[in-house]
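Engineer: I would like the atomic coordinates for the input below:
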Amino acid sequence: MPGLTVVCLCDGVKFGQLCNGNPTNSRRTSDRWGQGHYGARRGNRVHKGLDIKCSDGSAVYAPFDVTLNGRAIPYGDPNKAAIDNGISLTGEGLCFKLFYVSPDRTSGSVRKGQRIGTMLPMQSVYPGITSHVHVQMCDRSDPTRYF
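Structural biologist: Numbering: from 1, shown residues only. Just a heads-up that it's a prediction; the model follows:
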C-alpha cells in the first residue's frame, strides 16, 4: 500500500503584524521569567512556541487570512485564569495557536490585519515579564521561520 505524502504549501509564508504597537513582530528576548525563543528552557520542560511582544490590553490581529477554529487554553490552571485563553487558527497552509489572547470570536473567517482579540493582562500573573502573544504551531514545531 502506498504511503501518505503530506505537502506543506507554506514555504515563504510570513506572519503579518500580530499586535498593535509592534508592526515588525519584535520577539520577547530575555526577562526575569526566562526567554521567548522556541526551545528555551522552562525548568524541566522546553518552550514550544515563539513569544511576540504585545502590551497588555492591545488589539491582536490576524497575521494573514485565517479561519478561527475555537479556543485554545494554554494552562487550565485557576491560578492563571487572567491569561488562560487563546485561539486556534488555520491559514496559508498552517495550523497554529495564539495564547494569552481573549478572542473577539472563535469561529468564522477573518482577513489579514483584522482584529481577532485583545492581549490579556500578563503582568497580573507574571509581574515584570515582557508581555507577549505566544505563537505555537499545532504540531509543536518551531514557528520562527514564519517571522
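
Engineer: for Val46, which non-adjacent residue is closest in space?
Structural biologist: Using CB to CB, 6 or more residues apart in numbering and skipping residues adjacent in sequence, the residue nearest Val46 is Gly39, 5.8 Å away. Every C-beta, even on glycine, is put in place using the N, C-alpha and C of the backbone.

Engineer: the strands in the protein, which residues?
Structural biologist: Remark: strands assigned in the chain by DSSP state E are 30-31, 34-35, 41-42, 45-46, 50-53, 59-61, 66-71, 86-91, 94-99, 101-103, 107-110, 115-119, 132-137.

Engineer: quick one: mean pLDDT for the second one?
Structural biologist: Strand 34-35 carries an average pLDDT of 95.

Engineer: next one: that strand to chain centre, how far?
Structural biologist: 16 Å (CA atoms, centre = their mean, to the nearest Å).

Engineer: counting by contacts, list what that strand packs against.
Structural biologist: With contacts defined as 3 or more CB pairs under 8 Å, 6 or more residues apart in numbering; DSSP states H and E, strand 34-35 has no packing partner among the helices and strands.

Engineer: just checking, the residue nearest to Val46 touches Leu50?
Structural biologist: No: with contact defined as CB atoms under 8 Å, Gly39 does not reach Leu50; the gap is 9.7 Å.

Engineer: any residues in contact with both of those two?
Structural biologist: Asp142 (CB atoms under 8 Å, 6 or more residues apart in numbering).

Engineer: for those two, indicate the residue with more neighbours.
Structural biologist: Leu50 (27 against 12; other CB atoms under 10 Å).

Engineer: which strand residues bridge that one?
Structural biologist: Val135 (DSSP bridges).

Engineer: can you list the strands of the chain in CSV and add distance to Tyr146?
Structural biologist: Compiled in CSV, those are given as follows (distance: least, CB to CB, whole Å):
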stretch, distance to Tyr146
strand 30-31, 22
strand 34-35, 19
strand 41-42, 22
strand 45-46, 19
strand 50-53, 9
strand 59-61, 15
strand 66-71, 13
strand 86-91, 11
strand 94-99, 7
strand 101-103, 17
strand 107-110, 17
strand 115-119, 17
strand 132-137, 8
